[in-house]
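A.B. asks: sequence and predicted structure are below.
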Amino acid sequence: MAELMEYKCPCCGGKMEFDSSLQKMKCPFCDTEFEVETLKSYDEVLKSSEAAPDEMTWQETPRDEWSGEEADGMSVYVCNSCGGEIVCDETTAATHCPFCGNPVIMTGRLKGALRPDYVIPFQLDKEAAKAAFARHLKGKTLLPKAFKTDHHIDEIKGVYVPFWLFDTDSNAQITYRATKVRVWSDSRYNYTDTRHYSVTRGGSVRFEHIPVDGCSKIPNDLTESLEPFDFTKAVDFQTAYLSGYLADKYDVNDEQCVTRANERVRKSTESEFQSTVTGYQSVRPESVNIQLTNSKAKYALFPVWLMTTTWNGQHYLFAMNGQTGKFVGNLPCDMSIYFKWLACITGGVCAALVLLCYLIWLL
């Protein structure tokens with residue numbers, strides 16, 4: 001059986017959890033509170049002699065080696081409190097016992113190179129997520145009425161999602177083809193004077209903490225929609241922050257994420273440089289040369305509330321940034337309302353055109 005960690009209250013023996021409103025560890029039974037720093041010694045078991053590599057060498061590392069039971073895709077743990085078996089997949093790093101509900105942490109998933117460098121603790125609790133979901137439904141004209149009244153949240157869970165954070169220097173040389181157009185006329189002719197310019201920009205831009213999620217279970221567009229996360233609130237990783245929440249370790253490594261990170265750097269660099277080319281009617285890149293240097297990757301866990309609901313046989317996934325409260329997710333559309341709305345607009349436009357034609361005819 002694999003190794004589990006639980007934070008027991010020294011006063012009553014209850015299982016302590018991280019309280020996002022207090023930013024402390026709290027026992028739900030006797031209300032004893034502790035600063036997270038006081039539990040730092042618990043994390044010593046997770047440290048190894050080899051630190052995670054800083055340089056983006058993109059070579060195979062011990063991160064990708066699984067134990068025998070993980071190789072089968074599932075792992076079995078024994079709850080220290082009730083003795084029940086906890087079965088989870090190979091990426092789960094924190095969860096709850098399905099029998100007694102105690103929060104548990106799979107320490108083996110966080111050792112050595114698997115240990116995150118940073119964590120952004122939850123700032124908002126489950127009630128805030130529910131309130132955000134209710135606000136998300138308001139003012140949606142095309143949302144089915146039955147969804148508003150009969151909907152139910154199938155599941156709501158706070159999850160620490162694994163992210164890779166990339167730092168790099170972007171050195172760019174970009175040439176633009178720009179134009180200035182002047183138009184005038186006299187009593188006989190209309191004139192257009194178009195002048196073409198070659199504009200060059202060069203320089204460096206420093207990027208830090210570019211986030212790319214390392215979890216294949218959550219769509220990339222959903223996690224990117226939750227940005228930005230405020231990295232100034234990040235702290236050095238301690239397992240105590242995971243207690244009471246779910247957590248996954250990455251199943252997409254840094255080498256697999258670097259392409260997405262580089263693409264974000266490239267687009268941001270091009271946008272930043274082009275914003276300095278002003279005073280022209282048109283500007284388009286003609287040649288682009290971008291080199292990335294001093295690249296590094298760090299591993300972090302970011303807080304996300306995930307909600308799922310079912311309506312009319314379809315499943316819908318919603319997410320809230322557990323730090324800022326930003327809420328995202330697609331909603332169903334009532335097609336009958338849509339077509340009625342479209343018919344009203346079309347009818348109004350047609351009536352306006354008929355009236356306009358009639359007034360022109362009168363003139």
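C.D. replies: Thanks, I have it. Here the structure is a predicted model, which means the values were calculated and not measured.

A.B. asks: any low-confidence regions in this structure?
C.D. replies: Confidence mapping of the chain against pLDDT under 70 gives the ranges 1-5, 39-78, 80-90, 93-94, 96-113, 146, 148-152, 334-363.

A.B. asks: what about the helices in it?
C.D. replies: Per DSSP state H, the chain carries helices over the ranges 68-71, 126-137, 145-150, 220-225, 254-274, 335-362.

A.B. asks: packing partners of the fifth one?
C.D. replies: With contacts defined as 3 or more CB pairs under 8 Å, 6 or more residues apart in numbering; DSSP states H and E, the packing partners of helix 254-274 are strand 153-185, strand 190-213, strand 282-311. For glycine as for every other residue, the C-beta is placed from the backbone atoms N, C-alpha and C.

A.B. asks: how about 10 Å then?
C.D. replies: strand 153-185, strand 190-213, helix 220-225, strand 282-311 (3 or more CB pairs under 10 Å, 6 or more residues apart in numbering; DSSP states H and E).

A.B. asks: buried sites along stretch 183-201?
C.D. replies: V199 (16 or more other CB atoms under 10 Å).

A.B. asks: I misspoke; the intended subject was stretch 204-222.
C.D. replies: Across stretch 204-222, burial judged by 16+ other CB under 10 Å covers 207, 209-215, 218, 222.

A.B. asks: ok, and the closest non-adjacent residue to P219?
C.D. replies: The shortest distance from P219 to any non-neighbouring residue, by CB to CB, 6 or more residues apart in numbering, is to L317 (7.8 Å).

A.B. asks: please name the bridge partners of that neighbour.
C.D. replies: Beta-bridge partners recorded for L317 (DSSP bridges): T308.

A.B. asks: do W164 as well
C.D. replies: Here W164 sits in beta bridges with V212, Y299, going by DSSP bridges.

A.B. asks: neighbours around it, how many?
C.D. replies: 24 (other CB atoms under 10 Å).

A.B. asks: pretty sure it contacts R264?
C.D. replies: No: contact criterion CB atoms under 10 Å: W164 and R264 do not qualify, at 11.8 Å.

A.B. asks: give the residues shared as contacts by these two.
C.D. replies: Common contacts of W164 and R264 (CB atoms under 10 Å, 6 or more residues apart in numbering): 210-212.

A.B. asks: from the residues you listed, pick the one nearest P121.
C.D. replies: P211 (16.3 Å; CB to CB).

A.B. asks: and that closest one, what does it touch?
C.D. replies: Contacts of P211 (CB under 10 Å, 6+ apart): 161, 163-166, 223-224, 226-229, 231, 257, 260-261, 264, 300, 302.

A.B. asks: can you select the buried ones among the residues you listed for me in PyMOL?
C.D. replies: A single PyMOL command selects the buried members of the contacts of P211 (16+ other CB under 10 Å):
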select buried, resi 161+163+164+165+166+223+226+229+257+260+261+264+300+302
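
A.B. asks: re the thing from before, could you verify my assumption that the residue nearest to P219 touches T308?
C.D. replies: Yes: L317 is within contact range of T308, at 5.6 Å (criterion: CB under 10 Å).

A.B. asks: what do those two both touch?
C.D. replies: Joint contacts of L317 and T308 (CB under 10 Å, 6+ apart) are 155, 329.
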